[in-house]
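Undergrad: everything below, folded, please.
(one chain, ligands or ions: 1)
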Amino acid sequence: MIRYECDRCGARMTPNDARRYIVKLEIYAAAGHVDLDAEGEDDVAGALSDVVRALATADPDEVEDQTYRSFRFDVCNDCRIALLADPLAR
Ligand SMILES: [Zn+2]
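TA: Below is the predicted model of the structure:
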């Protein structure tokens, strides 16, 4: 039998526990559209070359951290209530 623990407080839960909730968290770069035409064709090629060169030597985990990460947590009902009241723990 699979055992679940609240990832926030450690409370024990069962797989079909009505007090078990799933929290999904995504963090990704907010940068949107980049207007390459404004830089001129030569600058675009140079800028892309710089990006490719930087990615070639970058730590993949660091690149992932800077662009997109997702998390999934199991939480109990008490922690669900606490997260809804203050999701960013301010
Ligand atoms: Zn909890």
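Undergrad: I22: what's it in contact with?
TA: Residues in contact with I22 (CB atoms under 8 Å, 6 or more residues apart in numbering) are R72, F73, D74, V75. For every residue, glycine as well, the C-beta is placed using N, CA and C.
Undergrad: three-state assignment of it?
TA: Per DSSP: H, G, I helix; E, B strand; the rest coil, the secondary structure class of I22 is strand.
Undergrad: so it bridges to which residues?
TA: Taking DSSP bridges as the rule, I22 bridges to D74.
Undergrad: this structure: strands as residue ranges?
TA: Using DSSP state E, the strands of the chain run over residues 4-5, 12-13, 21-28, 68-75.
Undergrad: count of neighbours near V75?
TA: Neighbour count of V75, defined by other CB atoms under 10 Å: 23.
Undergrad: tell me which parts of this protein are close to the ion?
TA: Those residues of the chain that sit near the ion, judged by CB under 5 Å from the ion, are C6, R8, C9, A11, C76, C79.
Undergrad: buried subset of those as a PyMOL selection?
TA: To isolate the buried ones among those in PyMOL, judged by 16 or more other CB atoms under 10 Å, type:
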select buried, resi 6+8+11+76+79
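Undergrad: same list, the strands of the chain, but as CSV with distance to G46 please.
TA: Below are these laid out as CSV (distance: least, CB to CB, whole Å):
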stretch, distance to G46
strand 4-5, 51
strand 12-13, 54
strand 21-28, 26
strand 68-75, 26
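Undergrad: quick one: these as JSON lines, columns for mean pLDDT too.
TA: Supplementary listing: the strands of the chain in JSON lines, determined by pLDDT from 0 to 100:
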{"stretch": "strand 4-5", "mean pLDDT": "94"}
{"stretch": "strand 12-13", "mean pLDDT": "95"}
{"stretch": "strand 21-28", "mean pLDDT": "96"}
{"stretch": "strand 68-75", "mean pLDDT": "95"}
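Undergrad: closest one to V52 among the ones you listed?
TA: Nearest of the strands of the chain to V52, taken as CB to CB: strand 68-75 at 18.9 Å.
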